[in-house]
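>>> only geometry, no sequence info:
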DNA sequence: CTCAAGTATATGAGAGTTCAACTAAAATGG
DNA sequence: CCATTTTAGTTGAACTCTCATATACTTGAG
């Protein structure tokens, strides 16, 4: 089948998309690395843990909620454990499984990082969009999908404010 | 100043944005790596070179058009040069400068990679959006900005079809 | 009960990215 | 001209990510 090349509009949209998403990602990653000493992927992991009951999740569940591959998560949690931000516990019900648990130090690191991060999210994304665009963006992103999203029941009371 | 946390709508939008952009990036990167043996960043470099007159650009200009840091570009071009896809030439007018030149092999590699890549871009992004959403997405991405974009005068006749 | 198949996670090598130097060649300014 | 400051680009180390593989436990079939 002959290739369905992009027309000019699509081409422009695609390149704008690449530039914009790259910009957001790099901005946030740099901000977190500079101000909190962690990459964005680690931040996501801490966030998802902080929202879970007992600040605890099975590794695979955490991977899925944080949008991470299992391998990536495994490496990441190993580093987070070295820093004392996360701890791993064997799962009594399933000898293969492990729980990842957010430690108090990890919670504190997250709590310290969150405000600066949220501000940056605002500056980079929400402040430059009209309200209608924010709604449109959500619909678009939902269509693109791969939510992998834990839209799980009622957020735990133990998370850090309304985090980004 | 007290942190402007995200409200629920913003929170949802933000997470959908993260999931969606992650999904697009990973999908494309994997496709290119699997089918063409190169990461998306390398593909971008080849594309920008292929569009330039004489398929040649100064390193810094190429970095800016490909949305890459100079360091990243330098490393990447070193690898591309090892593969024989790009060649570097001293700039006669400026002894510090270098031209990056897309070789015929590099052009061929790009031409072979392009159709599969464009198909994947369509499947991942354009096929799942309504026409109105595509337009909205472009406006949104333009607002987010950091185009770094070479919206430079009239595309060279020497590029590979309408690439993604 | 046992063996095969499946699941949960870890591990290691290879590759790309970032950041902070570092080199070398212009430009600038007395 | 000479010294200083920019600018162009490179380099290396540290780190993260990916992919393939390995390990250990569980489940299901017979």
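The structure has been received and is ready for your questions. These numbers come from a predicted model, not from an experiment.
>>> which residue ranges form the helices in chain A?
A:8-36, A:40-51, A:59-66, A:70-82, A:104-124, A:131-144 (DSSP state H).
>>> closest one to residue B:79 among those helices?
helix A:8-36 (19.7 Å; CB to CB). Where you see a C-beta, it was placed from the backbone N, CA and C, and this is true even at glycine.
>>> Would you format the helices of chain A as JSON lines with mean pLDDT included?
As requested, the helices of chain A are arranged in JSON lines below (pLDDT from 0 to 100):
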{"stretch": "helix A:8-36", "mean pLDDT": "97"}
{"stretch": "helix A:40-51", "mean pLDDT": "98"}
{"stretch": "helix A:59-66", "mean pLDDT": "98"}
{"stretch": "helix A:70-82", "mean pLDDT": "98"}
{"stretch": "helix A:104-124", "mean pLDDT": "98"}
{"stretch": "helix A:131-144", "mean pLDDT": "98"}
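>>> possible to save those as a markdown table with distance to residue B:123 and mean neighbour count?
Formatted as a markdown table, these follow (distance: least, CB to CB, whole Å; neighbours: other CB atoms under 10 Å in any protein chain shown):
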| stretch | distance to residue B:123 | mean neighbour count |
| --- | --- | --- |
| helix A:8-36 | 13 | 18 |
| helix A:40-51 | 25 | 23 |
| helix A:59-66 | 23 | 20 |
| helix A:70-82 | 24 | 16 |
| helix A:104-124 | 28 | 18 |
| helix A:131-144 | 11 | 18 |
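>>> okay, those in CSV with distance to residue B:93 next?
Shown next, in CSV, are those (distance: least, CB to CB, whole Å):
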stretch, distance to residue B:93
helix A:8-36, 29
helix A:40-51, 41
helix A:59-66, 50
helix A:70-82, 45
helix A:104-124, 38
helix A:131-144, 44
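>>> What parts of chain A come near DNA strand D?
Taking CB under 7 Å from any atom of the strand as the measure of proximity, chain A contacts DNA strand D at A:38-39, A:41-42, A:68-69, A:71-72, A:75-76, A:79, A:94-96.
>>> Spit out the contact partners of the residue nearest to residue A:22 when sequence neighbours are not counted.
Spatial nearest neighbour of residue A:22, excluding adjacent residues (CB to CB, 6 or more residues apart in numbering or on different chains): residue B:67 at 5.3 Å. By CB atoms under 8 Å, 6 or more residues apart in numbering or on different chains, the residues touching residue B:67 are A:18-19, A:22, B:44, B:148.
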